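[1] With the sequence up front, the predicted model follows.
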Amino acid sequence: MSDKTAYTPATHTAPPAKFSHGVRKGNLLQVAGQVGFLPAEEGKAPTPAGPTLREQTLQTFANVKAILEEGGSSWEDAIMIRVYLTDVAHFPEFNEIWNEYFADLKAPAAARTTVYVGLPPGLLVEVDALAVVD
Amino acid sequence: MSDKTAYTPATHTAPPAKFSHGVRKGNLLQVAGQVGFLPAEEGKAPTPAGPTLREQTLQTFANVKAILEEGGSSWEDAIMIRVYLTDVAHFPEFNEIWNEYFADLKAPAAARTTVYVGLPPGLLVEVDALAVVD
Amino acid sequence: MSDKTAYTPATHTAPPAKFSHGVRKGNLLQVAGQVGFLPAEEGKAPTPAGPTLREQTLQTFANVKAILEEGGSSWEDAIMIRVYLTDVAHFPEFNEIWNEYFADLKAPAAARTTVYVGLPPGLLVEVDALAVVD
């Protein structure tokens, strides 16, 4: 039986239900769907980094990265990144932000699927990731 | 070469195409997207447990659980649960049902991603799960 | 630390951002979301195999298969196939095409989740897959 460990960076807002921001079992580290919420502040509701795709995407990436690192991993280990956007028109700008953000990635890039879904009002992007840690 | 095994609980409706309700290969057990269909009855079309989010969610969870258990696993092993809802307004109630259902979970909770998509008419929720079995 | 390897069949259009069509780490091979683009032609924009669900689905399957095979794997190893359609009305026809395509599959079939999302204009189907290679 492999150990199962949950990871919640101290900066993260609490999940809105009983699930983990990140969990590792065996050599797999799964990061839950992250959105562009700023680091949690005591007594303040979760707040997006801003109204724009760029602000939310960079904050979302930072939130995923924090969980990967809390679990002893990094983007380099990710094999799949799932991207949920709300508007097909955001695809070119999202890819620009993605390419800037991952410009220095050393390992082969993860696979990715991007689809367009509904998200709670004000949120433009959600991202989750699966990493193989060892 | 790891063995690959399919799991279809006797109570489940047949998949609508050539896929498996659950499949294990190596230490991974993947549960296919489940909806709130009641246990199969000979000669009867698949029927949702009811029109409400609560009825469908609890039946959906029961359907996922049956497959996990058929594969020698349980919710305790799940690392990722993907939730597909059809209406953003359902999120708070879904989380209530989720928290009641998972109240007694002993292992660290799985990660989760929730997005809002289209589903066949009458269906309000779909859930799939990935478990690391050993 | 497991090796991480990216796979891009020579026939594939370049990904629209820094991600891999397929990536393997440890015993997992993840195929990125594929659509029904024809094999790449120098200096030509990615072009769908045709306007119909059948044309696009068969090309999408061929694209996923090419990546699985580039990674030393095949459909037989797939444990999860995620299907993104744009129209609930396409479900019966999609299942017909699926069943014909997978008629000769020898291993237990993969699990599957099908949801209805938005895709870029002209695209009716997207598919990704996770395989356990050994």
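    Sure thing, it's come through.
[2] Would you mind confirming that residue A:116 makes contact with residue A:94?
    No - using Cβ atoms under 8 Å, residue A:116 is not in contact with residue A:94, being 10.9 Å away. Glycine gets a C-beta too; all of them are placed from N, C-alpha and C.
[3] pLDDT score assigned to the nearest residue to residue A:69 once chain neighbours are set aside?
    In this structure, residue A:69 finds its nearest non-sequential neighbour in residue A:9, 8.0 Å apart by Cβ to Cβ, 6 or more residues apart in numbering or on different chains. pLDDT recorded at residue A:9 is 92.
[4] so what's in contact with residue A:116 and residue A:94 at the same time?
    residue A:85 (Cβ atoms under 8 Å, 6 or more residues apart in numbering or on different chains).
[5] Verify the stated contact: the residue nearest to residue A:69 with residue A:64.
    No - counting by Cβ under 8 Å, residue A:9 stays clear of residue A:64, with 10.4 Å between them.
[6] How about the contacts made by the residue most central in space within chain A?
    For chain A, residue A:64 is the residue whose C-alpha lies nearest the centre (Cα atoms, centre = their mean; 3.3 Å). Residues in contact with residue A:64, defined by Cβ under 8 Å, 6+ apart, are A:31, A:34, A:81, A:127-129.
[7] thinking residue A:13 is in contact with residue A:37, fair?
    Yes - using Cβ under 8 Å, residue A:13 is in contact with residue A:37, at 5.3 Å.
[8] now residue A:82, what's its secondary structure?
    strand (DSSP: H, G, I helix; E, B strand; the rest coil).
[9] try the one 10 residues further on
    Counting by three-state DSSP, the backbone at residue A:92 sits in helix.
[10] what does residue A:97 give?
    helix.
[11] Surely it is in contact with residue A:59?
    No - between residue A:97 and residue A:59 there is no contact under Cβ under 8 Å: 11.2 Å.
[12] rewinding a little: if I look at residue A:13 and residue A:37, which residues touch both of them?
    Residues touching both residue A:13 and residue A:37 by Cβ under 8 Å, 6+ apart: residue A:46.
[13] show me where pLDDT drops low in chain A?
    Regions of chain A meeting the criterion pLDDT under 70 cover residues A:1.
[14] State the distance from residue A:101 to residue A:58.
    According to Cβ to Cβ, to the nearest Å, residue A:101 and residue A:58 sit 7 Å apart.
[15] so how far is the top helix by length along chain A off the chain centroid?
    Using DSSP state H, we find that the single longest helix of chain A is helix A:53-70. Relative to its chain's centre, helix A:53-70 lies at 5 Å (Cα atoms, centre = their mean, to the nearest Å).
[16] cool, and stretch A:39-47?
    Distance, stretch centre to chain centre, for stretch A:39-47: 18 Å (Cα atoms, centre = their mean).
[17] That one and chain B in contact?
    No - judged by Cβ under 8 Å from any Cβ of the partner chain, stretch A:39-47 and chain B are separated, with a smallest distance of 12.8 Å.
[18] Start and end of stretch A:73-83, how far apart?
    One end of stretch A:73-83 sits 20 Å from the other (Cα to Cα, to the nearest Å).
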